[in-house]
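**Q** Here is a sequence with its predicted model. Questions after.
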There are 2 protein chains.
Amino acid sequence: MTTQYHKLLEKVYEINDLGKALAVLSWDKEVNMPPKGLEARVQQMTTLSRLTHTMSTSDEMGQLIEDATAELNGADYDSNEASLLRLLKKNYEDARKVPADFVARSSQLSGPAHAAWVQARAANDYAQFEPYMEQVIAMCQELAEYYGYEDEKYDALLDKYEIGMKTADVRAIFDANKAALVPLREAIDERGTAVSDALVHQTFDIDKQKEFARTISAQIGYDYERGHLGTVVHPFATSFSRDDARITTRWYPDFLNPALFGALHESGHAMYEQGTHPDLARTPLARGTSLGIHESQSRMMENLVGRNRGFWQAHFPKLQALFPAQLGSASAEDFYRAINKVQPSYIRVEADELTYNFHIILRFELEQAMLNGELAAKDLPEAWNAKMEALLGVVPATDSEGCLQDVHWTRPGFGYFPTYALGNLYAAQFMETAVAQNPAIESELAAGRTEALLNWLRENIHQYGRKFTPGELVQRVTGKPLSHDAFIRYATAKFSDIYGL
Amino acid sequence: MTTQYHKLLEKVYEINDLGKALAVLSWDKEVNMPPKGLEARVQQMTTLSRLTHTMSTSDEMGQLIEDATAELNGADYDSNEASLLRLLKKNYEDARKVPADFVARSSQLSGPAHAAWVQARAANDYAQFEPYMEQVIAMCQELAEYYGYEDEKYDALLDKYEIGMKTADVRAIFDANKAALVPLREAIDERGTAVSDALVHQTFDIDKQKEFARTISAQIGYDYERGHLGTVVHPFATSFSRDDARITTRWYPDFLNPALFGALHESGHAMYEQGTHPDLARTPLARGTSLGIHESQSRMMENLVGRNRGFWQAHFPKLQALFPAQLGSASAEDFYRAINKVQPSYIRVEADELTYNFHIILRFELEQAMLNGELAAKDLPEAWNAKMEALLGVVPATDSEGCLQDVHWTRPGFGYFPTYALGNLYAAQFMETAVAQNPAIESELAAGRTEALLNWLRENIHQYGRKFTPGELVQRVTGKPLSHDAFIRYATAKFSDIYGL
């Protein structure tokens, strides 16, 4: 290790430790903090956040990066050192592009915008939120100019969540998705009663749900010696190191899915971080490479593993044994069908595997229209409902169930939503490659086991953390760029089978 | 608020927020962290600790204190501003007296010393720990010289935990304690079988213990909207603000006391912090004034409230209702006697209310002898056992149950132990004053209620946080310096009654 690089690394470790401390405070806030502790906690988090921002964007940091880059000139592109320098430089330059005044205005907006959104949603009165939506649009436009772009304005924002990804590429993929899967969704609608999910809508003891969630997450490979399961209102995964990657979930007394598929989903996220190479520790490389790739790992475990027929043929008897009154007379096939019911709904977070992407495509298209000045804040509800009708065949009766349902637009964060759907597409493409490279993965999955899959993921994806951009990673792993093909093949086969199409 | 003082306050807030973040990391480490998360957590805590130390001891901080002091020259001694400046100046000067080299050596010692202690204790082989004990003694001697002292070397260290307290005063108080209470202990020994604690040594369902611990801690005034009860191996209380002051406890399936009296003890600590005045928030004044005064609040709730006859006459029926098989045929008086059994033992943390102080007096005397070069590390076990015999009438069969029982001497921290016993003495003196000033406190306690007591504590002690030294506080509250009188009166009356002496 060389001198300048080592100096840089010491500063990186320090910033990383502060950032992880902030993550612990944030986790604790959701999981343990008593209600009245909020004010002081927000102050503490603000202080930590300001300190890390100041350190990361200081002239000193710029100089450290520059000196280390000069020193390591010619280092192998794939090396940890070169990868870290690329990422630090990108983050540093991005952060320096945004004026402090904008950061302050953005932070001042988010409190009142969030409060107005809560009220507007409760009152089903979009008009109360409209002035904030206008400001959010204007700030996204402003932000895009700061970051700059070559082709489309939206590229500037998308890049912050899915580094290097182009809007045009996402649009092409999403359009292909619509073309293939909207007709499939319509065909399924016509056979809507062919599948019942009554099985998962019964009364389930919460302690037993917790017990099974722990069992099934450990079964797929989530390491509890390096993890922890907490209870929250809005589930998430977070990590304080590869050796302390936590999951959270919520429990419904009358609905089994949130416990089961929430735990599998968050385990997928956490297993990604648990699988990063130890050499990347205490650097920003020790996490998922992008939100979309991260989501591919959670969707992989939630859907490709957790909503797979073979998985439940193997594990349903254990669930049955915990809930004999509710599930005793059902078969594994009944359960498999129940957890795969396709049901177009108004609410994104309740969507099934097939229709989920439509919710995202809708938001992706609306965000671009707003960013480009083609859709005004006041016209959002109408545009929302028109797209719901076209994509999902349903129209919400209220804006609370429509354009007011997500918290995301209370801050200038356009570009985030697409990563949810990209996760599904990456996951399908990764799985096709994995099975092609190691057929044992498929036969293991058919027997409810994931060792071979997890080994493949660790070897090909997890260990690299954030060394490569999502585009680089997909190309390296699957030999081609991200495409719609794999997901369309997967979804068409699976749901045609279930619905007898 | 004036300009220089305001500038100082901004820095104080920042340092406080970092320190509280460190406290959250520490709490999480004990309560939730998975075992393998330790290495990264220690790195994160080290970084936060180094940053707060650097900020607190910087030349900039010294200048800020000096400027604000000049500006506020003549401010009322009792004002928050003057009190904060006094404390900051004291902490700043103390911290600057210790060379960075010493801090580094001390931190390098603690890891290996702790590991050697764990091994020596497991092997019952003091010789393995002796070289570290030698270093701890030498470093305590060195530290005392850095801090400086007028009368006795031990003053320099004691002052760091019990600010302003003199060794000679503690010695006089402890000697009077011995003179009065060793004979009482001996008299009780002769009637050793008069009280049985079999009642609390039965099988108790842990979920029910938790339920009762929550009920009883809320009953005495611990505010769960500003608190949280966690499970740990070594119980403690901590606070992240007055609105988030947490307690922890442990649960034994076959022994009721740790759950009950642990929860009451830690609630006493946490209620102190919950009671600090909101104007002190985000400053080092928003906590207990010293370890001894803090311990007085925990002992007050654990013993003067929680081991009081009236308290259990009121609350025993609730406990009985939870454990009818174990406690159904016992009376409140039976329970009161069981939880007040006097039983000299080898282990400090298992000691009863009467003999606890003897364990501390022993350590206080040995620490002075070691610090003054009158007792060498190699002679510690023998000296330990001789004092056990004199004070408690028992001699441990092994060093593991003797001088190796506490973790405290794995770091240069002489001066800490006395605060445990001082807590008992402060508590008794505060209670005498409280009852004299408001007789309703006594009649409420006799009916199991603590509102009047808690109001008195908040009014006279809690609200001030750390504005005054313990000596100043005791003088203000009770009109005289700390004395042995109240505790001796209290303990003599209580245990003479129980043991029919």
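**A** Cool, the structure landed.
**Q** show me where the stretch 401-501 of chain A has helices.
**A** Secondary structure of the stretch 401-501 of chain A by DSSP state H, counting those that start in this stretch: the helices cover A:418-437, A:440-446, A:451-460, A:470-478, A:485-499.
**Q** Need the mean per-residue confidence for stretch A:154-166.
**A** Mean pLDDT, computed over stretch A:154-166, is 97.
**Q** List of residues touching it?
**A** Under the criterion Cβ atoms under 8 Å, 6 or more residues apart in numbering or on different chains, residues A:90, A:94, A:140, A:143-145, A:147-149, A:151-152, A:167, A:170, A:289-292, A:367-368, A:371-372, A:414-416, A:418-419, A:422, A:469-472 lie in contact with stretch A:154-166. Yep, even glycine has a C-beta here, placed from its N, CA and C like the rest.
**Q** so residue A:309 touches residue A:334, yeah?
**A** No. Using Cβ atoms under 8 Å, residue A:309 is not in contact with residue A:334; the gap is 11.5 Å.
**Q** Next, the buried residues of the helix ranked longest in chain A.
**A** Longest helix in chain A by number of residues (criterion: DSSP state H): helix A:3-31. Across helix A:3-31, burial judged by 16 or more other Cβ atoms under 10 Å in any protein chain shown covers A:4-5, A:8-9, A:11-31.
**Q** Using the three-state scheme, assign the residue nearest the centre of chain A.
**A** Nearest residue to the geometric centre of chain A (Cα atoms, centre = their mean): residue A:295, 3.9 Å. At residue A:295 the chain is in helix, as set by DSSP: H, G, I helix; E, B strand; the rest coil.
**Q** And for the closest residue to it other than its chain neighbours, the neighbour number?
**A** Leaving aside its chain neighbours, residue A:295 sits nearest to residue A:423 (2.5 Å; criterion: Cβ to Cβ, 6 or more residues apart in numbering or on different chains). Under the neighbour criterion other Cβ atoms under 10 Å in any protein chain shown, residue A:423 is assigned a count of 27.
**Q** Do you know the pLDDT at residue A:423?
**A** Residue A:423 is given a pLDDT of 97.
**Q** do the same with residue A:194
**A** With respect to pLDDT, residue A:194 scores 87.
**Q** which residue packs closest to it, ignoring adjacent ones?
**A** Nearest to residue A:194 is residue A:499, by Cβ to Cβ, 6+ apart, at 5.5 Å.
**Q** just checking, that neighbour touches residue A:185?
**A** No. With contact defined as Cβ under 8 Å, residue A:499 and residue A:185 do not form a contacting pair (10.4 Å).
**Q** and for those two, which residues touch both?
**A** With Cβ under 8 Å, 6+ apart as the test, residue A:499 and residue A:185 both reach residue A:342.
**Q** rewinding a little: among the helices of the stretch 401-501 of chain A, pick out the one with the most neighbours on average.
**A** Across those, the average number of neighbours (mean count of other Cβ atoms under 10 Å in any protein chain shown) peaks for helix A:418-437, which reaches a mean of 23.
**Q** Many thanks, have a good one.
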